[in-house]
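Colleague: Return atomic coordinates for the entry below.
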Amino acid sequence: MIELRDISKSYGTGSTAVEAIRDVNITIDKGEIFGIIGHSGAGKSTLLRCVNLLERPTTGTVTVGDVELTKLSTTQLQQQRRRIGMIFQHFNLLSMATVRDNIAFPLKLAKLSKGEMKKRVDELLALVGLEQHGNKFPAQLSGGQKQRVGIARALANNPDVLLCDEATSALDPQTTNSILSLLVDINQKLGITILLITHEMHVIRSICDRVAVIDDGGVVEMGDVLEVFLKPQHPVTRDFVSQIADSFDPRELIASRSGRLIKVNYVGDITYEPLLFNAVKSTSVQFTILQGTVSRMKNTPYGQLVIEFIGDHADIEKVIADLRHKGLEVGDLA
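Modeller: Numbering: from 1, shown residues only. I've put the predicted structure just below:
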């Protein structure tokens with residue numbers, strides 16, 4: 001659905017040139033929720049705006065659907081942008097227009113009739129849960145309600161793609177969760193492809209299928225959210241993962257414990273099964289859970305444990321083999 005090939009973006013020329021994005025390659029599947037995470041100044045907003053060519057890449061190609069946007073004329077690009085909705089961190093609503101008129105604004109530009117516009121606005125108000133607020137002005141709404149208006153407006157022209165520019169950064173945690181749930185609901189009901197940027201790992205964990213980590217203008221890590229979260233490779237990724245995981249220094253554990261230290265990852269329904277207890281009960285092995293997490297990644301339960309095993313070496317190996325046989329990922333704590 002979205003293909004970014006060799007995307008770079010520079011500002012200025014010569015010795016004053018600043019490279020905001022460099023050599024980015026990302027392919028996003030139809031119907032996927034794809035996240036891009038990075039610290040402030042990493043280049044994620046610039047990259048997002050390259051998708052609809054609000055920022056035109058210095059080099060590289062952008063393809064949405066089967067159309068290469070970077071080859072289009074200005075008029076052709078305007079037409080294709082109707083396939084791409086966008087929501088913003090600070091809502092960008094028209095303060096002197098009602099909720100209904102804000103949502104209808106793209107429809108007026110598309111020259112729909114009044115009857116068509118009313119029908120479509122009614123559908124969108126119902127979709128985002130604002131049926132009772134259509135005649136209010138933005139100043140009368142909460143932050144979460146304003147963002148729902150922004151989402152409805154972005155969906156007005158039935159786009160194939162929805163771009164989310166830090167869509168929850170201005171919201172409190174409870175409202176953030178409600179907006180994330182709405183985005184998942186829209187994705188499932190409409191099959192729309194969602195590309196979002198954020199600096200919050202909680203957002204990525206809650207709704208994304210895959211994630212790219214961006215630092216200093218380049219992608220440093222990319223993959224399924226579960227894989228990236230459970231096995232972060234880059235220091236920046238590990239920093240983001242630590243936002244929502246109890247961090248610990250394995251060197252301190254290794255120095256302070258006398259048994260064999262094991263790290264266990266498990267995903268899916270086995271998260272809630274007594275696999276560790278069953279594996280050790282017929283052996284001489286004793287165990288202590290030194291650190292553990294059980295949570296969910298979008299709709300998938302997962303867990304991580306750091307365990308100390310004490311006992312006969314052969315029995316410990318038997319326990320480890322049993323856990324692996326049951327589908328757990330088991331390895332020594334490095």
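Colleague: so what pLDDT did residue 203 get?
Modeller: In this prediction, residue 203 carries a pLDDT score of 93.
Colleague: wait, doesn't it sit right on residue 194?
Modeller: No - between residue 203 and residue 194 there is no contact, the gap being 11.5 Å when judged by C-beta atoms under 8 Å. Placement of C-beta: from N, CA and C, glycine included.
Colleague: quick one: the strands in the protein?
Modeller: Listed in chain order, the strands of the chain (DSSP state E) span 2-11, 18-28, 33-37, 59-64, 67-68, 84-88, 161-165, 193-198, 210-215, 218-224, 260-267, 286-297, 300-310, 329-332.
Colleague: which residues touch the residue lying closest to residue 167 once chain neighbours are set aside?
Modeller: Leaving out its chain neighbours, the residue that sits closest to residue 167 by C-beta to C-beta, 6 or more residues apart in numbering is residue 87, at 5.0 Å. Residue 87 makes contact with 147, 150-151, 154, 162-165, 167 under the criterion C-beta atoms under 8 Å, 6 or more residues apart in numbering.
Colleague: picking up where we left off before, need the strands of the chain in JSON lines with distance to residue 132 and mean pLDDT, can you?
Modeller: Formatted as JSON lines, these follow (distance: least, C-beta to C-beta, whole Å; pLDDT from 0 to 100):
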{"stretch": "strand 2-11", "distance to residue 132": "35", "mean pLDDT": "96"}
{"stretch": "strand 18-28", "distance to residue 132": "35", "mean pLDDT": "95"}
{"stretch": "strand 33-37", "distance to residue 132": "29", "mean pLDDT": "97"}
{"stretch": "strand 59-64", "distance to residue 132": "35", "mean pLDDT": "96"}
{"stretch": "strand 67-68", "distance to residue 132": "39", "mean pLDDT": "94"}
{"stretch": "strand 84-88", "distance to residue 132": "21", "mean pLDDT": "94"}
{"stretch": "strand 161-165", "distance to residue 132": "24", "mean pLDDT": "96"}
{"stretch": "strand 193-198", "distance to residue 132": "26", "mean pLDDT": "97"}
{"stretch": "strand 210-215", "distance to residue 132": "36", "mean pLDDT": "97"}
{"stretch": "strand 218-224", "distance to residue 132": "40", "mean pLDDT": "96"}
{"stretch": "strand 260-267", "distance to residue 132": "41", "mean pLDDT": "89"}
{"stretch": "strand 286-297", "distance to residue 132": "32", "mean pLDDT": "85"}
{"stretch": "strand 300-310", "distance to residue 132": "35", "mean pLDDT": "88"}
{"stretch": "strand 329-332", "distance to residue 132": "49", "mean pLDDT": "90"}
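Colleague: With distance to residue 135 as extra columns, can I get those strands in TSV?
Modeller: As requested, the strands of the chain are arranged in TSV below (distance: least, C-beta to C-beta, whole Å):
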stretch	distance to residue 135
strand 2-11	36
strand 18-28	37
strand 33-37	32
strand 59-64	35
strand 67-68	38
strand 84-88	22
strand 161-165	26
strand 193-198	29
strand 210-215	40
strand 218-224	44
strand 260-267	47
strand 286-297	39
strand 300-310	41
strand 329-332	55
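Colleague: Quick check: which of those strands is nearest to residue 46?
Modeller: Distances from residue 46 to each of the strands of the chain were compared using C-beta to C-beta; the shortest belongs to strand 18-28, at 4.6 Å.
Colleague: partner strands of the closest one, parallel or antiparallel?
Modeller: In the sheet containing strand 18-28, its partner strands are strand 2-11 (antiparallel), by DSSP bridges.
Colleague: Check which residues of stretch 327-334 are buried.
Modeller: Buried residues in stretch 327-334, counted by 16 or more other C-beta atoms under 10 Å: 328, 330, 333.
Colleague: related to what we said a few turns ago, ok, so of the contacts of residue 87, who is nearest residue 40?
Modeller: Of the contacts of residue 87, the one sitting nearest to residue 40 (C-beta to C-beta) turns out to be residue 165, at 13.3 Å.
Colleague: so what's the closest one bridging to?
Modeller: Going by DSSP bridges, residue 165 is paired in beta bridges with residue 88, residue 197.
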